[in-house]
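> only the shape, not the letters, is given here:
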């Protein structure tokens, strides 16, 4: 227990030690356990109808969750310095994998989209790796080019260019939802690093017309938009999935019809164990069940953002930016999934992290959370170093400057962010 949640006095005598954040662990374990129960409840009828064994999807979910847990434990023991050094290489590997989905016989086309790489027994979605790679690359860039991001337009433009290229590769698959998610996370990380709003505003000017053109350029996206605006206009065709989800949530009322008692999952609600698992939660556990899920995600995301702020304060900027990025990624994906199930957002192929049944999505979500735990570990370690330095200050140096001499200090982030750029910076 002392290795994960704290340090004993004996350990402290040998130097500062990090610890994995207990609140993060609590939220992660609770969401994963909740997901196992709901995958079992929502997938039995689907698997039985496909004649593949009633517990097929549950077993598959458990296998990938176990692999993800192993991956999370492994990355949680790796120093972030190594991840920072390899972030650019990981980004290049991600680009190669995103391009590999278009290679015949290697990339798989499912439901009209090329998002999977055929690995024999299983398929892998490179976009799941891209989410982690873009966070690590951006965090590394923001540390290395801190002043440029805060003061120069091109300092903000460069990470946006990398994220934009990633989004273009995703749109070619097509995967509009993941492309939009990565774009928003990139903007959030750059803004939290101190970029000026006017630079972000200038770069964001072409996005609304571009998004509108992409949404209206293909028939299936237009149908999704029209069915989202009024699903009851065509409840047996384009609006079928959303109307069935709303019926399921409506049946649940305050406390649900009981675990396992859902009717909509019995071949009425498509993708009941994946994209629309929240509708089954709402039907079986009611408003209380949905509220519990939201509370757990709020704890996970809120704790991650809090650790990010503390990381920046104690000088662990890479760890802080990684915590920001992963927290934003998990939180926004969960928010979109909830919004789709409630009919607030158009239908997107984004799963509910740790809860929806999945393969590579479950695996890579666990790995991302392992990186987040590692970031929290190093942030706690840095705080412990600061506390020990405060309790046992170093002996004064004989040639130190007089006490009355003015000390130079770095300007706070809020002040430095408002320094106007010089002419030379603009030309750069």
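Great, that's in hand. What you are looking at is a predicted structure, and each value in this text was computed from that prediction instead of being measured.
> so where's the longest helix in the protein?
In the chain, assigned by DSSP state H, the helix with the most residues is helix 277-313.
> what angle do the next helix or strand after that helix and helix 277-313 make?
Proceeding N to C from helix 277-313, the next assigned helix or strand is helix 317-341, under DSSP states H and E. Angle of helix 317-341 versus helix 277-313, following axes from the mean of the first three to the mean of the last three C-alpha atoms, to 10 degrees, is 160 degrees.
> helix 317-341 - what's its average pLDDT?
Averaged across helix 317-341, the pLDDT comes to 95.
> centre of the chain to that helix, how far?
In terms of C-alpha atoms, centre = their mean, to the nearest Å, the centre of helix 317-341 is found 4 Å from the chain centre.
> quick one: the helices in the stretch 101-250 of the chain?
126-144, 146-151, 153-171, 176-192, 197-204, 207-216, 219-229, 240-252 (DSSP state H, counting those that start in this stretch).
> so what does the second one touch, helix or strand wise?
Here helix 146-151 touches helix 153-171, helix 413-416, going by 3 or more C-beta pairs under 8 Å, 6 or more residues apart in numbering; DSSP states H and E. (Each C-beta comes from the backbone N, C-alpha and C, glycine too.)
> 10 Å instead, please
Here helix 146-151 touches helix 126-144, helix 153-171, helix 176-192, helix 197-204, helix 413-416, helix 423-427, going by 3 or more C-beta pairs under 10 Å, 6 or more residues apart in numbering; DSSP states H and E.
> over to the fourth one?
Contact partners of helix 176-192 among helices and strands, from 3+ C-beta pairs under 10 Å, 6+ apart: helix 126-144, helix 146-151, helix 153-171, helix 197-204, helix 207-216, helix 277-313, helix 317-341.
> can I get the ones you listed in a markdown table including distance to residue 78?
Formatted as a markdown table, the helices and strands packed on helix 176-192 follow (distance: least, C-beta to C-beta, whole Å):
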| stretch | distance to residue 78 |
| --- | --- |
| helix 126-144 | 12 |
| helix 146-151 | 24 |
| helix 153-171 | 23 |
| helix 197-204 | 32 |
| helix 207-216 | 35 |
| helix 277-313 | 17 |
| helix 317-341 | 12 |
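> what's the longest strand in this structure?
Determined from DSSP state E, the single longest strand within the chain is strand 113-118.
> okay, now the sheet partners of that strand, with direction.
Strand pairing for strand 113-118, determined by DSSP bridges: strand 107-110 (antiparallel), strand 123-124 (antiparallel).
> so what touches that strand?
97-98, 100-103, 105-110, 122-128, 170, 172-175, 178, 349, 359-360 (C-beta atoms under 10 Å, 6 or more residues apart in numbering).
> buried residues in stretch 104-117?
For stretch 104-117, burial by neighbour count (16 or more other C-beta atoms under 10 Å) applies to 107-108, 114-117.
> could you do stretch 178-192 as well?
For stretch 178-192, using 16+ other C-beta under 10 Å, the buried residues are 178-183, 185-192.
> what's the answer for stretch 377-393, then?
Neighbour counts over stretch 377-393 (16+ other C-beta under 10 Å) mark 377-385 as buried.
> hmm, back to that, which of the helices of the stretch 101-250 of the chain comes out lowest on mean pLDDT?
Here the lowest mean pLDDT among the helices of the stretch 101-250 of the chain goes to helix 219-229, at a mean of 75.
> and it, what does it pack against?
Under the contact criterion of 3+ C-beta pairs under 10 Å, 6+ apart, helix 219-229 touches helix 207-216, helix 240-252.
> now that helix: how far from the chain's centre is it?
Relative to its chain's centre, helix 219-229 lies at 26 Å (C-alpha atoms, centre = their mean).
> can you check stretch 352-364 too?
In this view, stretch 352-364 has its centroid 12 Å away from the chain centroid, taken as C-alpha atoms, centre = their mean.
> do stretch 167-184 as well
Using C-alpha atoms, centre = their mean, the offset of stretch 167-184 from its chain centre is 14 Å.
> again with stretch 62-74
The mean C-alpha position of stretch 62-74 is separated from the chain mean by 17 Å, C-alpha atoms, centre = their mean.
> check stretch 97-112 too.
On C-alpha atoms, centre = their mean, the centre of stretch 97-112 falls 24 Å from that of its chain.
> which outside residues touch that stretch?
113-119, 123-127, 129-130, 133, 165-166, 168-170, 172-175, 220, 349.
> if we go to 6 Å?
The contact list for stretch 97-112, computed with C-beta atoms under 6 Å, 6 or more residues apart in numbering, reads 114, 116-118, 123, 126, 169.
> picking up where we left off before, and which of the buried residues of stretch 104-117 is nearest residue 286?
Distance to residue 286, by C-beta to C-beta, is smallest for residue 115 among the buried residues of stretch 104-117, at 33.7 Å.
> what's the separation between that closest one and residue 184?
Look at residue 115 and residue 184: by C-beta to C-beta, to the nearest Å, they are 19 Å apart.
> which of the helices and strands packed on helix 146-151 sits most buried?
Of all the helices and strands packed on helix 146-151, helix 126-144 has the most neighbours on average by mean count of other C-beta atoms under 10 Å, namely a mean of 24.
> before we move on, the earlier item: tabulate the buried residues of stretch 178-192 in JSON lines, adding columns for distance to residue 39.
Shown next, in JSON lines, are these (distance: C-beta to C-beta, whole Å):
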{"residue": "178", "distance to residue 39": "22"}
{"residue": "179", "distance to residue 39": "27"}
{"residue": "180", "distance to residue 39": "26"}
{"residue": "181", "distance to residue 39": "22"}
{"residue": "182", "distance to residue 39": "26"}
{"residue": "183", "distance to residue 39": "30"}
{"residue": "185", "distance to residue 39": "26"}
{"residue": "186", "distance to residue 39": "31"}
{"residue": "187", "distance to residue 39": "33"}
{"residue": "188", "distance to residue 39": "30"}
{"residue": "189", "distance to residue 39": "31"}
{"residue": "190", "distance to residue 39": "36"}
{"residue": "191", "distance to residue 39": "36"}
{"residue": "192", "distance to residue 39": "34"}
